[in-house]
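Undergrad: Turn this into a model:
(one chain, ligands or ions: 1)
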Amino acid sequence: MSCPDKPPASLRLQGVSWGPSRSGNVLHDISLDLSPGRILVVVGPNGAGKSTLLRLIYRFLKPTTGRVLLDDEDIHACSARHVARQVAAVLQEQPTDFALTVREIVALGRAPHRNLLASDSRRDAHMVDHALGRLALRPLANRLFGTLSGGERQRVMVARALAQEPRLIVLDEPTNHLDIRYQLELLQLIRELRITVVCSLHDLNLAAMTADDLLILRDGHPLAFGAAEQVLTPELIAQAFDVRARPIQGSTQFDFSLNDLSMESYS
Ligand SMILES: Nc1ncnc2c1ncn2[C@@H]1O[C@H](COP(=O)(O)OP(=O)(O)OP(=O)(O)O)[C@@H](O)[C@H]1O
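TA: Down below sits the predicted model:
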């Protein structure tokens, strides 16, 4: 049985800023348009504001100024449940429901689609099983979450998000805890999802392989936004990360090294 498709959503950020009350902004005036089905990868140094931007997109935080629009609808003009039916998030923090099985955790993704007190519908069961299959988790379906490795838990979190049938999925550093094989598999899965994706990544080479569009943040400011091959240039990488990036011939991949100034600052 195939998984029924919902059309991917468009995302628009209009002059979005955010800061904790009165102590200055963490994010400054970010605007971008993401067409349905495109993959936006957000990169930037530690503390640049990547997780904060993602929290605004999955409606955990409300912008201090500006708007986040999903298909031209301000997500803060809609109920949390309405947004949860369209947007799923995979966060760096993992749940502490160690006594639940993998299947039960993935089934939590169905919550926004259920009516109060309604028992699981056949569609719920199908979506949970489909998500378990996509992440190769069927053999672990009855294991307790608390007994899984870090990488297995991360795959459960992605399966839970897929069970939610989102039209936009937000992933904060989803390759954390994954070995290189599962990193590549997960990023390939993301490319095959046919939903709109916003994902933060630290690895610029993985970002180049995954992104349609790329946003570079530095100190909460958008340094560059656009097609990945135009944005990931040695100059912009140097500006954002203070490292030297040498393109590997014939690819969009880079070798990285400290530049001379960085070396001096450590000596
Ligand atoms: N609620 C908050 N109150 C005060 N400062 C905050 C709050 N949330 C985030 N910050 C600050 O905002 C900055 C950006 O944090 P954020 O977690 O978004 O960065 P990041 O780019 O995801 O970093 P990393 O790559 O290290 O995960 C940091 O300096 C952080 O301390």
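
Undergrad: Buried residues in the helix or strand where Ala224 lies, which are they?
TA: Using DSSP states H and E, the element containing Ala224 is strand 221-227. Of the residues in strand 221-227, Pro222, Leu223, Ala224, Phe225 count as buried by neighbour count, 16 or more other CB atoms under 10 Å. Every residue, glycine included, has its C-beta placed from N, CA and C.

Undergrad: Let me know the closest of those residues to Glu152.
TA: Glu152 has its nearest neighbour among these in Phe225, at 34.4 Å by CB to CB.

Undergrad: Please enumerate residues in contact with the helix or strand where Val158 lies?
TA: Using DSSP H and E, Val158 maps to helix 150-163. For helix 150-163, contacts defined as CB atoms under 8 Å, 6 or more residues apart in numbering pick out 88-91, 94-95, 102, 105-110, 127-128, 130-132, 134-137, 140, 145, 148, 169, 171, 174, 176-179, 182, 186, 189, 193.

Undergrad: Show me what counts as buried in it.
TA: In terms of neighbour count (16+ other CB under 10 Å), helix 150-163 has its buried residues at 151-163.

Undergrad: How about stretch 136-145?
TA: By neighbour count with 16+ other CB under 10 Å, stretch 136-145 contains the buried residues Leu137, Leu140, Ala141, Phe145.

Undergrad: Just those: which are in strands?
TA: Among the buried residues of stretch 136-145, DSSP state E puts none in strands.

Undergrad: Quick one: the helices in this structure, in order.
TA: Taking DSSP state H as the test, the helices found in the chain are 50-57, 80-84, 102-107, 122-134, 150-163, 180-192, 204-210, 228-231, 234-241, 260-266.
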